[in-house]
Structure formats: C-alpha cells, structure tokens
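[1] A structural model of the following input is requested.
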Amino acid sequence: YSGVNQASVTCLASQDTLATLSEKELDKTSIKSSFMRLTHWQMEINNYKSNKIRELLKNSDNSFKIYESPGNMAEIMGKSDLGIFSSGLTQYEASAVGLPAIVISLNDYHKQVVDEYAKMNSIISFGTFGSNRIGKLKETIINIINNQQIRRDMSRNGKKIIDGKGIERIVNEIDSRLVS
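    Coordinates of the predicted model:
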C-alpha cells in the first residue's frame, strides 16, 4: 500500500523488494489462496509517481494489481494478508481491520511513534528505508508471510487495539465527569 508522501517511500520500497521475491522463498500454504496468490501483490497508489511505478512493475516476475484512490480501502485491507506502508494513519486503519503490517518510517520522529505502536504487536516497525535496506525488507516480508501464526496474532492484537468504540468511551467519560 502506498499513500501520499513526498518521498514515495512505500512505492520505492515495495517495487524494489517485491519485484525480487521468488516463489522458492515463500511458503505457499501460508497465503490465502482465494485472494492473494504467491506471486500476486496488490498496491494502492495515491501519488504523483503512479505511472513510474506501473512502468517499473510492468516487467516484474510478480503479478501486481494496482488500485488508485479506491473508495473501499477497508475492504481491500480486510482481504489482504499483509500491508506494507509508510508511517501515518494507515497503520491504525490496518489494525482496525486486523491487517498485519510492516510500517516504514519517513524519518526519525515517525520511527519513534511507530516503534512505540509496534510494542502492541499489531505491526512491525521496519524503521527508515534506504536502498541499503532492501535485503532486510525482503527478509522481513518473507518471514511474516511464512509465519501464519504471527499474522494471526498481529491481526487479533490490532483488532483489540482499535476496536471502533473510542467515541463511545469518550462520550462515557465526558458524561461521567459532567454528572460528578
């Protein structure tokens, strides 16, 4: 998944890493056969470099389905096995639908925030991205895809963290303070 960030960190990381994954590195049994095949990847692109990304992925060994500004992002996330995106609100949206994620930080400040959130075990904080870390990102992707139990645990943890009842809790707290 890629959102709008000036450096297009997610797009760059995804194109460099996913294009190099081979079938031999991934455990076929751990992928949801009905949605995301071993060499089938989905990307949501919402930035000015989408044509460049399409061109780079055109010759990839992998099959990519690209969504541009989809209206049903939660549905797409809910059907996915793993999200890879840059730091921001998307990590919380992924948690809400139970999507395990690898989050790439845009800078050191974002890394601190993402590292803190990752302690709740619904995402993996990758840190900041540089071309020298492509191998590490590839390794991280392979490890999480090949470990269905970790993805299940991350999914369950994410749904516990972001349960959709925050507004109700806020209203109850305000009510309790007004009544007191």
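
[2] residue contacts, the residue nearest to S95 when sequence neighbours are not counted?
    Leaving aside its sequence neighbours, S95 sits nearest to G158 (Cβ to Cβ, 6 or more residues apart in numbering; 3.3 Å). (C-beta placed from N, C-alpha, C; glycine too.) When contacts are counted by Cβ atoms under 8 Å, 6 or more residues apart in numbering, G158 touches 94-100, 122-123.

[3] which among those end up buried?
    94-100, 122-123 (16 or more other Cβ atoms under 10 Å).

[4] what are the bridge partners for E68, then?
    I45 (DSSP bridges).

[5] Neighbours of it, how many?
    Applying other Cβ atoms under 10 Å, we find 11 other residues in the vicinity of E68.

[6] now do M77
    Neighbour number of M77 under other Cβ under 10 Å is 20.

[7] The residue nearest to S95 and R152: what is the separation?
    From G158 over to R152 the distance is 11 Å, taken as Cβ to Cβ, to the nearest Å.

[8] What of R169?
    For R169 relative to R152 (Cβ to Cβ), the value is 26 Å.

[9] again, but for T128
    28 Å.

[10] again with K136
    24 Å.

[11] ok so the residue nearest to S95 is a helix residue?
    Yes: judged by DSSP: H, G, I helix; E, B strand; the rest coil, G158 forms part of a helix.

[12] And it, what's its pLDDT?
    Looking at G158, its pLDDT is 94.

[13] Strands of the chain, residue ranges please.
    40-45, 63-68, 83-86, 101-105, 123-128 (DSSP state E).

[14] Make sure V113 is actually in contact with S86.
    No: contact between V113 and S86 fails when scored by Cβ atoms under 8 Å: they sit 12.0 Å apart.

[15] who touches both of these two?
    Joint contacts of V113 and S86 (Cβ under 8 Å, 6+ apart) are S105.

[16] Those two: who's more crowded?
    The neighbour comparison of V113 against S86 (other Cβ under 10 Å) goes to S86, with 27 against 15.

[17] where's that one relative to I123, distance?
    With Cβ to Cβ as the criterion, S86 and I123 are 12 Å apart.

[18] Overlap in contacts, the two.
    Common neighbours of S86 and I123 (Cβ under 8 Å, 6+ apart) are V103.

[19] before we move on, back to that, tell me the one among the contacts of G158 nearest to I144.
    Lowest distance from I144 to the contacts of G158 (Cβ to Cβ) belongs to P100, with 6.5 Å.

[20] any idea of the pLDDT on I145?
    So I145 comes in at 84 (pLDDT).

[21] for K24, same thing?
    On the pLDDT scale, K24 gets 48.

[22] next one: N47
    Note on N47: pLDDT of 55.
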